[in-house]
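K.L.:
prediction below, plus the sequence it came from.
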There are 2 protein chains.
Amino acid sequence: MARAAESQPPGAAGPVAGDRAVTTIRDVARAAGVGVGTVSRVLSGGARGAPATRARVEAAMAQLGYRPSATARALSQGRTHTLEVVVPLVTHHVYVEVLRGIETALADTDYAVVIRTVERAAARDRAFAALGQGGRADGVLVVSLAPTPELLERIAAARLPTVLVDAAHPDLPSVSVDHAAATAEAIRFLRDLGHDRIALVDEPGDHFAPAFAAERRRGFRMALGEANLAPRADYEIVTAGGPEGGVEAAAALLALPDPPTAVVVGSDTQAVGLLQEARRRGRHVPRDLSVVGYGDIEMSRHIGLTTVRVPVRELGRRGVEVLLAELAGSTEPAQIRLPTELMVRKTAGPSRGVEASRRRDGGA
Amino acid sequence: MARAAESQPPGAAGPVAGDRAVTTIRDVARAAGVGVGTVSRVLSGGARGAPATRARVEAAMAQLGYRPSATARALSQGRTHTLEVVVPLVTHHVYVEVLRGIETALADTDYAVVIRTVERAAARDRAFAALGQGGRADGVLVVSLAPTPELLERIAAARLPTVLVDAAHPDLPSVSVDHAAATAEAIRFLRDLGHDRIALVDEPGDHFAPAFAAERRRGFRMALGEANLAPRADYEIVTAGGPEGGVEAAAALLALPDPPTAVVVGSDTQAVGLLQEARRRGRHVPRDLSVVGYGDIEMSRHIGLTTVRVPVRELGRRGVEVLLAELAGSTEPAQIRLPTELMVRKTAGPSRGVEASRRRDGGA
DNA sequence: CTGAAAGCGCTTACAG
DNA sequence: CTGAAAGCGCTTACAG
């Protein structure tokens, strides 16, 4: 009878290891003549073991081409060695840079990264609801997203260590930049150059995505107030991102009876369009119009754009550091502020005074 | 005695569900008064079930705030619902666009994406070795990486469905673009405009990273041959990426005794620098020098750069489609070629003839 | 130092 | 339609 059982057709169900394409820890254990626990221990590396046993196991692993299953490890260890990064739709150069910073910081760890993007309104709830979904990740990096009550609630519900990058909130660890202060600094710089008709051009401040724009506006008004300059609605342009938006803004601003002599632009790409349109209209930069950008993209240095440098890559790098510390059990509530820097180049200069520009515009 | 056991101090070890932070399928089953199998079935959605039971289970899930563990699912299903994307260091706009395409294609699936970047030489072997590591992914998208024997071997070793994006090889499914043909088309276009002194400016063709440059060179020489134009070493400039590289290239080319009247540049960002330097040296574009870029980034339309449009986003989108079909069991070996398009704008025009330019350069 | 066993949280035939 | 049980491939106390 035993014989009969053994001569069952090959391929019949049974614990025949050779059947499966994937080699498991069990195959290795068998080949090395040890228990699976032993294999697991040499896998973990740290644990010592009799050198001879160890060598035997390693040989078996190499010979079988064994690759441990990250999934199984994750399940039994209770950690996935994966970080989730939530970013707005990667439409800005900024997020790409943040991702690079994150990658740099993770380069010599064994963490993988899952990127989740929060698209416009429609996908927003879904994306937020999915935050940390299924414990696919050990921790979350939320990038450039305004900490709305909704987001905070989602984060709490996910019960996952979370750090805010390029945003801040008292309840959460964060690595951020003070966009209001940075903008105010740019205004002060223009003010010191003698400008008193200063405009702000920016993208619309979205409800859920980057709070950048709103913060910059706050800094703008603050600095204007400090300088005893009255805020003017026609000096605050909200327009599309990219060069096109800048073109539009220049058109609107320069058509004003008393156009500004200086403009702070919420992004360098908008600034490019604004510069171009201003020049097309015969304005000399910076003689007739001073322009300060925001972001300091690669192109900016090249075209001599005076702009606010935001340490974007470092934002990502530090964010990872804080999150990893958190995962390692750190309890200090890190709230890190990174400094911005005004890169003074060639597109901003002294004001020529109100008179000259008034005369020219009147004559047009 | 039973009483005594029950009055053990709370918090003592034991199978008390309330102890753990995470609710499992078991807790839900208990709360709904059903077996875990039943809960699993309503989770899977597809399977029918008595509406009443189903409702009870769903209520329990909602009430407990239950979130299924993706890890456990992956382990028991044998698939992770994760795709791995391998890209060169995300230094090019191109890869970002590909990633966007991938994301778009994945938007309404439940697949997550793990991104792995292949950095310069040092990290290369590590990154390749890690390909599909630990079965963290169900399939792999290899983007803009030359299919070297080494890479192919790694792919084979990973035993994971893999599709090449922006690269091609007979043994693997792929979605690609013919960079050689696209470049040749640009040359022909310039040729038809009367140019016979045509140069190529490009980035160094890396051994393991994008094969772009090498392919473009091949197309360049091919088209030159077709037109009976002799290849000239001094008309092939290999230089750094970005505007700086373009500046250098313009300097080298325009210092030649008989400078080219037209240039094809391997990237739009290089083209930007080249245009600028050419103008700084008093050359009018396109009167004195025609320039054709490559890539068609956003800026290009804006500055009127004639360039080769590569459907980068679609490359990513289609790549996902092919991979997903593969995972669904499709066996047809998809080798998809996507068309490029020459975007004719303002930086390329008719040649003014050899004489005029020779006269001017001689007089300088 | 190492084996055997239980367990991580699901899924999936197998019986009822 | 649904429960009980085995299994996915590891890890980790627990004994030896």
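P.N.:
All right, it came through fine. Residues are numbered from 1 along each chain as shown, chains lettered A, B, ... in the order given.
K.L.:
who in chain A is up against DNA strand C?
P.N.:
When proximity is defined as C-beta under 7 Å from any atom of the strand, chain A approaches DNA strand C at A:33-38, A:41, A:48-50, A:52-54, A:72, A:75-76, A:78. Heads up, the C-betas are built off the backbone N, CA and C, glycines and all.
K.L.:
what's the first helix or strand after the one helix or strand residue A:38 maps to?
P.N.:
Element membership for residue A:38, per DSSP states H and E: helix A:36-44. Next in sequence after helix A:36-44, counting helices and strands by DSSP H and E, comes helix A:51-64.
K.L.:
rewinding a little: avg pLDDT for the helix holding residue A:38?
P.N.:
In this model, helix A:36-44 carries a mean pLDDT of 89.
K.L.:
ok, that helix near DNA strand D or not?
P.N.:
Yes - for helix A:36-44, a contact with DNA strand D is found by C-beta under 7 Å from any atom of the strand, at A:36, A:37, A:39, A:40, A:41, A:43, A:44.
K.L.:
which one of the residues you listed is nearest chain B?
P.N.:
Nearest to chain B among the residues of helix A:36-44 next to DNA strand D is residue A:43, at 11.1 Å by C-beta to the nearest C-beta.
K.L.:
now do the strands in chain A.
P.N.:
A:82-88, A:112-118, A:139-143, A:162-165, A:174-177, A:198-202, A:236-238, A:262-265, A:290-295, A:306-309, A:335-338, A:341-343 (DSSP state E).
K.L.:
for the first one, name the packing helices and strands.
P.N.:
Translated: strand A:82-88. When contacts are defined as 3 or more C-beta pairs under 8 Å, 6 or more residues apart in numbering or on different chains; DSSP states H and E, strand A:82-88 sits against helix A:93-106, strand A:112-118, strand A:139-143.
K.L.:
most packed of those?
P.N.:
strand A:139-143 (a mean of 26; mean count of other C-beta atoms under 10 Å in any protein chain shown).
K.L.:
got the buried residues for stretch A:55-64?
P.N.:
Under the neighbour-count criterion of 16 or more other C-beta atoms under 10 Å in any protein chain shown, stretch A:55-64 has A:56, A:57, A:58, A:60, A:61 buried.
K.L.:
wait, residue A:144 touches residue A:96, no?
P.N.:
No - shown here, residue A:144 and residue A:96 do not form a contact pair, counting by C-beta atoms under 8 Å, at 11.6 Å.
K.L.:
quickly list what's touching both of these two.
P.N.:
Counting by C-beta atoms under 8 Å, 6 or more residues apart in numbering or on different chains, residue A:144 and residue A:96 have no shared contacts at all.
K.L.:
and stretch A:221-236, end to end?
P.N.:
One end of stretch A:221-236 to the other measures 10 Å (C-alpha to C-alpha, to the nearest Å).
K.L.:
got it, and stretch A:244-262?
P.N.:
19 Å.
K.L.:
buried stuff in that stretch?
P.N.:
Across stretch A:244-262, burial judged by 16+ other C-beta under 10 Å covers A:244-254, A:259-262.
K.L.:
related to what we said a few turns ago, just the buried residues from the residues of chain A next to DNA strand C, in PyMOL please.
P.N.:
This is the PyMOL syntax for the buried subset of the residues of chain A next to DNA strand C, where burial follows 16+ other C-beta under 10 Å:
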select buried, chain A and resi 34+38+41+53+54+72+75
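K.L.:
least confident secondary structure element in chain A?
P.N.:
Every helix and strand of chain A was ranked by mean pLDDT, DSSP states H and E. The lowest is helix A:2-6, at a mean of 34.
K.L.:
where in the stretch 151-300 of chain A is pLDDT low?
P.N.:
Low-confidence segments of the stretch 151-300 of chain A, defined by pLDDT under 70: A:205-211.
K.L.:
if I look at the residue of it found nearest chain B, how far off is residue A:106?
P.N.:
Nearest to chain B, among the residues of the stretch 151-300 of chain A, is residue A:243, at 4.7 Å (C-beta to the nearest C-beta). Residue A:243 sits 33 Å away from residue A:106, going by C-beta to C-beta, to the nearest Å.
K.L.:
and the helix holding residue A:38, what does it pack against?
P.N.:
Secondary-structure packing of helix A:36-44 (3+ C-beta pairs under 8 Å, 6+ apart): helix A:25-32, helix A:51-64.
K.L.:
report the angle between the axes of it and helix A:51-64?
P.N.:
Note on geometry: by axes from the mean of the first three to the mean of the last three C-alpha atoms, to 10 degrees, helix A:36-44 and helix A:51-64 are set 80 degrees apart in direction.
K.L.:
so what are the domain limits for chain A?
P.N.:
Segmentation of chain A into domains, based on automatic domain parsing, reads A:19-68, A:80-177+A:313-337, A:179-310+A:343-363.
K.L.:
redo these as JSON lines? Include distance to residue B:270.
P.N.:
Output for the domains of chain A, formatted as JSON lines (distance: least, C-beta to C-beta, whole Å):
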{"stretch": "domain A:19-68", "distance to residue B:270": "41"}
{"stretch": "domain A:80-177+A:313-337", "distance to residue B:270": "18"}
{"stretch": "domain A:179-310+A:343-363", "distance to residue B:270": "12"}
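K.L.:
which among these is found nearest to residue B:318?
P.N.:
Distance to residue B:318, taken as C-beta to C-beta, is lowest for domain A:80-177+A:313-337 among the domains of chain A, at 19.2 Å.
K.L.:
and that closest one, how far apart are its ends?
P.N.:
29 Å.
K.L.:
pull the distance from that domain to the chain's centre.
P.N.:
The chain centre lies 8 Å from the centre of domain A:80-177+A:313-337; the measure is C-alpha atoms, centre = their mean, to the nearest Å.
K.L.:
cool, stretch A:172-186 as well?
P.N.:
Centroid separation for stretch A:172-186 versus its chain: 15 Å, with C-alpha atoms, centre = their mean.
K.L.:
give me the pLDDT for residue A:137.
P.N.:
89.
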